[in-house]
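Engineer: model this:
(chains A and B)
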Amino acid sequence: MLNCQEVSKLVSASLDGKLPLWKRMNLWMHLGMCRLCWGFRKDIVHLHSQTRQRADEIEGGAEDPDVKLPDESRERIKRLLNSKS
Amino acid sequence: MDELSKAASNRLNPASWVDEYGDYLYRYAISRLRGSEAAEEVVQETFVAALEHVDQYAAKGSERGWLLGILKRKIIDLIRARSRTASLTDEDSNDLSEALFDRQGGWKKDSDWTGHAPLDSLEREDFWRILRACLDTLPTRQADVFVLREMDDRSTEEICKELEITASNLWVILYRGRLQLSHCMKSRYLQDQA
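Structural biologist: Residues are numbered from 1 along each chain as shown, chains lettered A, B, ... in the order given. Take a look at the predicted model:
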C-alpha cells in the first residue's frame, strides 16, 4: 500500500505521461480511499489546466493594461532597428 | 490595405512592428520569464532577428505568428542558458516534504490539504495573479521548468533535451514546483479571505 507522500509523487508524474498500469491501479485505489490525496490531485490538475488556459489566452493576444513594453525599451528598440535598416 | 501591401510597407518601416506587436510579445515573454529585464531583452533580440531575416517572412501566416515563433526560440535559449548556471542545490532549498508529510508519509494535520479551500475556488483573475506571485517564490529553474511544461505544453523529452537534465531529475523538479506552487497559492488565498 502506498502512503500519501508516495501518492503525491505519482499524482505529479501522471500529469506528464502514462504511468505503468500497476502504478495507476495503486494510485486510483489510494485516491478512492483518501480524501486528502483526492484534494491534492484536484488542486494539481486545476493548476495544470488553468495554467494551460491562461497560456492560450496570452498567445491569443489577451489584453493586460498593466503589462506593456516599457516606453524606454520601445524607443531603444526602434532606434536600434532604424540604425540597422 | 491588403496583407501583402501591409507587409511590404511594414517591411520598410520596422519601427511600426514595435508599435504593433511590442506589447503582445512583451506580455508573452514576461509570462514565461517573469522578470521584466529578461523579457525586454528577448523582445529586443526578436525584433533584431526579425529585421535580419525579414526576407524569410514571405507572408506565410501572420506577422504576429512569425514574430512569436522567433520569440519562443529566444525564450528557450535564455532558459537553457540560465538553467546551466543553476546549482542542483537550488532545488533542494524548497523541499516541502518535511513540512507537509509526517514520518509515515501521511499528510500532516495542519497541511494545506486537511480541509482547506480547493484551488478551483479561486476566481480566474485572482488565480493568474496569485500564480505569478507564487512562481516568483520558486527557485528559477523550478519555475522555468513549470512554465515550459505547463504553459508551453512541451513534452518531458523535449524539456530534458533542451535543459540537458535526466527524466528523473525533471520529475523531481516538477513535483517540487507543483507542491510549492499549490502550497503557496492556498496560503495566499486564505490570507486574502481573512
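
Engineer: Can you tell me which residue sits nearest the middle of chain A?
Structural biologist: A:H48 (3.8 Å; Cα atoms, centre = their mean).

Engineer: In contact with that residue: list those residues for me.
Structural biologist: The neighbourhood of A:H48, defined by Cβ atoms under 8 Å, 6 or more residues apart in numbering or on different chains, consists of A:L15, B:E150. For every residue, glycine as well, the C-beta is placed using N, CA and C.

Engineer: change it to 10 Å
Structural biologist: With contact set as Cβ atoms under 10 Å, 6 or more residues apart in numbering or on different chains, A:H48 has these partners: A:S12, A:L15, A:D16, B:F146, B:R149, B:E150, B:D153, B:R178.

Engineer: Packing partners of the lengthiest helix in chain B?
Structural biologist: Counting residues, the longest helix in chain B under DSSP state H turns out to be helix B:167-193. Contact partners of helix B:167-193 among helices and strands, from 3 or more Cβ pairs under 10 Å, 6 or more residues apart in numbering or on different chains; DSSP states H and E: helix A:4-14, helix A:35-60, helix B:89-92, helix B:97-100, helix B:124-135, helix B:140-146, helix B:156-163.

Engineer: Mean pLDDT and distance to B:W107 for these - can I get that in JSON lines?
Structural biologist: Conversion of the helices and strands packed on helix B:167-193 to JSON lines gives the following (pLDDT from 0 to 100; distance: least, Cβ to Cβ, whole Å):
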{"stretch": "helix A:4-14", "mean pLDDT": "96", "distance to B:W107": "5"}
{"stretch": "helix A:35-60", "mean pLDDT": "94", "distance to B:W107": "5"}
{"stretch": "helix B:89-92", "mean pLDDT": "59", "distance to B:W107": "21"}
{"stretch": "helix B:97-100", "mean pLDDT": "86", "distance to B:W107": "7"}
{"stretch": "helix B:124-135", "mean pLDDT": "90", "distance to B:W107": "20"}
{"stretch": "helix B:140-146", "mean pLDDT": "94", "distance to B:W107": "22"}
{"stretch": "helix B:156-163", "mean pLDDT": "95", "distance to B:W107": "27"}
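
Engineer: just the ones you listed: most buried one?
Structural biologist: Most buried of the helices and strands packed on helix B:167-193 by mean neighbour count (mean count of other Cβ atoms under 10 Å in any protein chain shown) is helix B:140-146; its value is a mean of 23.

Engineer: What is that helix packed up against?
Structural biologist: With contacts defined as 3+ Cβ pairs under 10 Å, 6+ apart, helix B:140-146 has these neighbours: helix A:35-60, helix B:14-33, helix B:63-84, helix B:89-92, helix B:124-135, helix B:156-163, helix B:167-193.

Engineer: Is chain B within reach of whichever helix or strand comes after the first one?
Structural biologist: When you say that, I think you mean helix A:35-60. Using DSSP states H and E, the helix or strand that directly follows helix A:35-60 along the chain is helix A:71-84. Yes - using Cβ under 10 Å from any Cβ of the partner chain, helix A:71-84 comes into contact with chain B via A:E72, A:S73, A:R74, A:E75, A:R76, A:I77, A:K78, A:R79, A:L80, A:L81, A:N82, A:K84.
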